[in-house]
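> the following comprises the amino acid sequence and a computationally predicted model.
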Amino acid sequence: MKYFAVFFFLLFSAIGFAQETETTTPQRVSGYIINDDSKQPLPNVNIINTNKVRGAKSDSKGYFEIDVQPNDTIHFSLLGFQSLRIRVTNDWIKNKVTRIQLTEKAIALEEVVIAPFNLTGYLEIDSKLIPTKENYRYSISGLTQGYEAGEYSPNAFGKVLGSIFNPADMLYNFFGKNSRELKKLKDMKKDDTIRNLLETKYDRETIAVLLGISKDEIPEIMHRCNYSDAFIQTANDLQILDAISGCYEQYKVLKRN
């Protein structure tokens with residue numbers, strides 16, 4: 001009887017281990033992405049597993065493959081189309097392939113007003129007419145890189161420190177409550193597909209999805225890290241990601257000390 005009990009114990013342990021391994025091991029799924037209206041395949045769709053921070057792109061036939069686990073969230077985005085998030089289901093993993101439909105955006109072009117400077121053609125005069133704004137960089141001992149500050153100010157450095165250590169400050173709360181997402185920053189930069197995607201984007205949508213925040217919060221975070229308006233408005237998404245990553249590393253060093 002004792003041997004039967006040991007046998008059943010080992011049997012159930014093996015089954016449980018097999019089920020756990022099957023659940024935690026990434027599995028590859030695939031799909032075809034088409035235009036919801038024309039039913040034509042959509043190439044170059046950006047696909048990101050926001051849980052595993054892995055990316056992929058659809059080919060000329062709209063086909064893609066990506067590693068997933070059950071309940072992962074997959075983000076699909078393409079210029080001119082509404083972005084889409086899909087939860088990975090057991091059915092998708094079982095069937096291996098699915099069909100995704102993206103809907104085109106209705107974009108209304110707005111009037112653009114260009115306000116020229118009254119330039120004279122003389123360099124010495126024109127250089128004084130064009131507004132300039134100096135930006136400065138600061139560095140902290142223990143960090144390998146500095147950060148670009150919004151403007152020169154005797155209390156600019158103290159402003160960042162105050163934001164980092166003030167429990168009521170938005171930056172303090174962001175770094176404290178989103179540590180899990182922020183730890184993914186290094187993984188994001190390791191994935192070539194995500195890096196290449198972020199280098200070409202300026203809409204902050206992908207960063208917001210990966211960090212689990214809204215796009216409106218990103219400029220506020222950058223301001224709290226004392227980055228200039230010029231940098232915030234002109235930097236691509238990869239530069240913004242690097243900036244937030246650098247500010248977070250600064251936060252960790254200062255918090256340790």
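Great, that's in hand. Residues are numbered from 1 along each chain as shown.

> tell me where the protein has strands.
27-35, 46-49, 54-57, 63-68, 73-77, 84-87, 97-102, 136-138, 147-149 (DSSP state E).

> shaky segments in this protein?
1-24, 107-172, 178, 255-257 (pLDDT under 70).

> show me where it has helices.
Using DSSP state H, the helices of the chain run over residues 2-24, 90-95, 123-129, 156-165, 170-177, 179-182, 185-190, 192-199, 205-211, 217-224, 229-234, 237-256.

> tell me the most buried of the strands of the chain?
Mean neighbour counts were compared across the strands of the chain using mean count of other CB atoms under 10 Å; the top stretch is strand 46-49, at a mean of 24. Heads up, the C-betas are built off the backbone N, CA and C, glycines and all.

> for it, name the packing helices and strands.
Other elements packing on strand 46-49 under the criterion 3 or more CB pairs under 8 Å, 6 or more residues apart in numbering; DSSP states H and E are strand 54-57, strand 63-68, strand 73-77, helix 192-199, helix 205-211.

> tabulate the ones you listed (a markdown table), appending distance to Pro26.
Formatted as a markdown table, those follow (distance: least, CB to CB, whole Å):
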| stretch | distance to Pro26 |
| --- | --- |
| strand 54-57 | 9 |
| strand 63-68 | 4 |
| strand 73-77 | 13 |
| helix 192-199 | 16 |
| helix 205-211 | 18 |
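
> tell me which of the ones you listed lies nearest to Leu185.
The minimum distance between Leu185 and those falls on helix 205-211, with 8.4 Å, by CB to CB.

> now do stretch 26-43: distance from first to last residue.
Stretch 26-43 has an end-to-end distance of 25 Å (CA to CA, to the nearest Å).

> and the contacts of that stretch?
45, 52, 58-69, 76, 78, 81, 88, 92-93, 96-104 (CB atoms under 8 Å, 6 or more residues apart in numbering).

> could you dump the strands of the chain to CSV with distance to Ile207?
Shown next, in CSV, are those (distance: least, CB to CB, whole Å):
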stretch, distance to Ile207
strand 27-35, 22
strand 46-49, 11
strand 54-57, 13
strand 63-68, 19
strand 73-77, 11
strand 84-87, 15
strand 97-102, 20
strand 136-138, 22
strand 147-149, 17
